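Chemist: Would you be able to build a 3D model of this:
(chains A and B)
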Amino acid sequence: MTDAERVTLLEEGAVERILLRMAREIVERNDGTQNLILLGIQRRGVELSERIREAIEREEGPGISSGSLDITLYRDDLAQIGPRPVVGESSLPIEGVDGRSVVIVDDVLFTGRTARAAMNELMDWGRPSRILLCVLVDRGGREVPIQPDIVGRVVSVLPRQIVDVRVPELDGRLSVEIATPVREENE
Amino acid sequence: MSRTVSSLGKDLVGLEDLSAEQIQAILDTAEPFKEISERRIKKVPVLRGKTIVNLFMEPSTRTRISFEFAEKRLSADTVNIAASGSSVVKGETLVDTARNLEAMRIDMVVIRHGSSGAARFLAERIPSNVINAGDGSHEHPTQALLDFLTIRDHFGRIEGLKVCIVGDILHSRVARSNIFGLLKLGAEVAVCGPMTLLPKGIDALGVRVFQRIEDAIEWADVLNVLRLQLERMKGGFVPSLREYNRFFGVTTPRLQKVGRDLLILHPGPMNRGVEIDSDVADGPHSVILKQVTNGVAVRMAVLYLLAGGAPEQAEAAKREGVG
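Modeler: Below you'll find the model as predicted:
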């Protein structure tokens, strides 16, 4: 997977407009900002969640709770894989999640297994009154019955293609890109 | 596609076998595990379905309980076996004990044993992961790792720090693991204690030797004060506890001269008034209880890193990712 053709699907401006729309949709779905908690899934979901939080605060005023969720320890494939994935930090608002309206933010929704893991982890933290799933890109290909509530863009790609969300904090740019691995001769 | 940690292999026998990169990987992995013990529900499902045997052939409270908390917080099923009350007292050998446990389909063994080399001996003979929880005077790797984590928490690094281990270096597995690990991580290491309790030729390892505790305190950023095992008195290594305290005790008057940051560690259990004074143990330099807290996180990290599946399946998993 070294050689890949890479095309940019969404440029910075387009991603920002989509995030703004998603921010408004979250407030609409929640009937305001009361009880709202935004939780980004490590790693790029965290940066997207922070951008959505800023967008909401610009329009609704400051004080939106947010945090991050690392689902590594809740993965369903840990028994199968050899090298151990790096465990990131989960940090939830100090007031907890009980009775709150929690929005899980992730970059790409694919198999749905990450969202499943995130919900299990959240249940171990407490009992939210509601959980919404918010993703920038839904690329299809679900392996478990999970559906998003707020979607930035639906794209249809081949199973072997990779959808990459790039964020300035980690990648130096804000964009959505599609990488197509070059097929090897013997494949 | 997730980033992965460098592998530790099947077992953790000692820090002598690990690279600096592997030690760093354990410490980095321990960081997120600290937070799990602060949760209301202190449990994650990562080792669900794994069976771990804590085989403690030597008395231990802190280490055994620390391992047990770590195992339970990762959702493993655990069984504790102590030497007394087991078939060991009926003359069963270590390998037979382990093979019988294996026959009951276990996944990991945490072993504490009075003989140096017991952990490696076992690791080479059974397919389960083996973690050394202290073997004779050989190594006690998880204790040294929790010491490193505590030092790193305070100073933000280990490289370049001056660490002096004080006390019975000759018989101490904690000292050995600390020396191996600290040198690999780029710290300067010294030891201080009565000549009878310092191993011959220790300076060949690149370890400085202090014969006066005052000089060690003057030099060090970190003092790791070891417990003086009371049975050493019978061996004639130390004339009396009072004399040991007078010459090597870490006491308030000795610390008062230090104007800078000095961290004091102790692996416990403490002999207050022998190797360390009460007001030092409870004083501002001491991080002894932080070590205990960090011990659970470090052991969780080791269990997590060792419990991985077969490496040959890694490529497939990497391709699939979790999406």
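Chemist: Close to chain A: what parts of the stretch 1-150 of chain B are there?
Modeler: Contacts of the stretch 1-150 of chain B with chain A, taken as CB under 8 Å from any CB of the partner chain, map to B:1-7, B:28-29, B:31-33, B:35-36, B:39-41, B:43-46, B:49, B:74. In this view, the C-beta of every residue, glycine as well, is placed from N, C-alpha and C.
Chemist: What's the PyMOL syntax to select whichever of those are buried?
Modeler: Remark: buried members of these, expressed as a PyMOL selection using 16 or more other CB atoms under 10 Å in any protein chain shown:
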select buried, chain B and resi 2+4+5+7+29+31+32+33+36+39+44+45+46+74
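Chemist: Can you give me the neighbour number for B:Thr150?
Modeler: As a burial measure, B:Thr150 scores 24 neighbours (other CB atoms under 10 Å in any protein chain shown).
Chemist: three-state assignment of it?
Modeler: Three-state call for B:Thr150 (DSSP: H, G, I helix; E, B strand; the rest coil): helix.
Chemist: Help me confirm that it comes into contact with B:Ile288.
Modeler: No. Look at B:Thr150 against B:Ile288 with CB atoms under 8 Å: they stay out of range, at 9.0 Å.
Chemist: can you tell me how far the residue of chain A found nearest chain B sits from B:Ser137?
Modeler: Among the residues of chain A, A:Phe110 lies closest to chain B, at 2.9 Å counting by CB to the nearest CB. For A:Phe110, the distance to B:Ser137 equals 53 Å [CB to CB, to the nearest Å].
Chemist: Get me the contact residues on chain A for chain B.
Modeler: A:1, A:70-75, A:77-91, A:96, A:108-114, A:117, A:120-121, A:124-126, A:141, A:143, A:162.
Chemist: Among those residues, name the ones in strands.
Modeler: If you go by DSSP state E, the residues of chain A next to chain B have A:108-109, A:162 in strands.
Chemist: out of the residues you listed, who has the most neighbours?
Modeler: Counting by other CB under 10 Å, top hit in these: A:Leu109 with 26 neighbours.
Chemist: can you pull the contacts of the closest residue to A:Leu78 other than its chain neighbours?
Modeler: Sequence neighbours aside, B:Val46 is the residue nearest to A:Leu78 in space, at 6.0 Å (criterion: CB to CB, 6 or more residues apart in numbering or on different chains). B:Val46 makes contacts with A:73-74, A:78, B:74-75, B:304, B:307, as judged by CB atoms under 8 Å, 6 or more residues apart in numbering or on different chains.
Chemist: if we can go back for a sec, name only those of the residues of chain A next to chain B that count as buried.
Modeler: Among those, the ones that count as buried by 16+ other CB under 10 Å are A:70-75, A:78-79, A:81-88, A:90-91, A:108-114, A:117, A:121, A:124-126, A:162.
Chemist: Where does pLDDT dip in chain B?
Modeler: Along chain B, the model assigns pLDDT under 70 to residues B:1-2, B:85, B:89, B:309-323.
Chemist: Which strand residues bridge the most centrally placed residue in chain A?
Modeler: Chain A has A:Asp106 as the residue nearest its centroid, 0.2 Å off, counting by CA atoms, centre = their mean. When bridges are called by DSSP bridges, A:Asp106 pairs up with A:Val135.
Chemist: Hmm, A:Val135 and it touching each other?
Modeler: Yes. The criterion here is CB under 8 Å, and A:Asp106 meets it with A:Val135 at 5.1 Å.
Chemist: in terms of contact, does A:Arg75 touch A:Ala117 like I think?
Modeler: Yes. Counting by CB under 8 Å, A:Ala117 is a contact partner of A:Arg75 at 5.8 Å.
Chemist: and the residue lying closest to B:Ser240 once chain neighbours are set aside, how many residues sit next to it?
Modeler: Nearest residue to B:Ser240 in three dimensions, chain neighbours excluded: B:Met233, at 7.4 Å (CB to CB, 6+ apart). B:Met233 is flanked by 14 other residues according to other CB under 10 Å.
Chemist: Hmm, B:Met233 is touching B:Arg242, no?
Modeler: No. Using CB under 8 Å, B:Met233 makes no contact with B:Arg242, being 11.3 Å away.
Chemist: which residues sit in contact with the nearest residue to B:Asp107 once chain neighbours are set aside?
Modeler: Among residues not flanking B:Asp107 along the chain, B:Lys50 sits closest, at 4.5 Å (CB to CB, 6+ apart). By CB under 8 Å, 6+ apart, the contact set of B:Lys50 is B:76-77, B:107-108, B:307.
Chemist: isn't B:Arg99 right up against B:Ile126?
Modeler: Yes. Using CB under 8 Å, B:Arg99 is in contact with B:Ile126, at 7.1 Å.
Chemist: which residues of the chain fall in helices?
Modeler: I went with chain A, as the question did not name one. Ranges of helices in chain A, per DSSP state H, are A:12-30, A:44-60, A:113-125, A:168-171.
Chemist: looking at chain B here, not the other one
Modeler: Remark: helices assigned in chain B by DSSP H are B:20-36, B:62-73, B:94-103, B:118-123, B:141-155, B:173-184, B:213-219, B:241-248, B:252-256, B:278-281, B:288-306, B:314-320.
Chemist: how close does B:Phe69 get to B:Val302?
Modeler: To B:Val302, B:Phe69 is 13 Å away according to CB to CB.
Chemist: out of these two, which sits in the more crowded spot?
Modeler: More neighbours surround B:Val302 than the other of B:Phe69 and B:Val302, with 24 against 17 (other CB under 10 Å).
Chemist: Many thanks, I have nothing further to ask.
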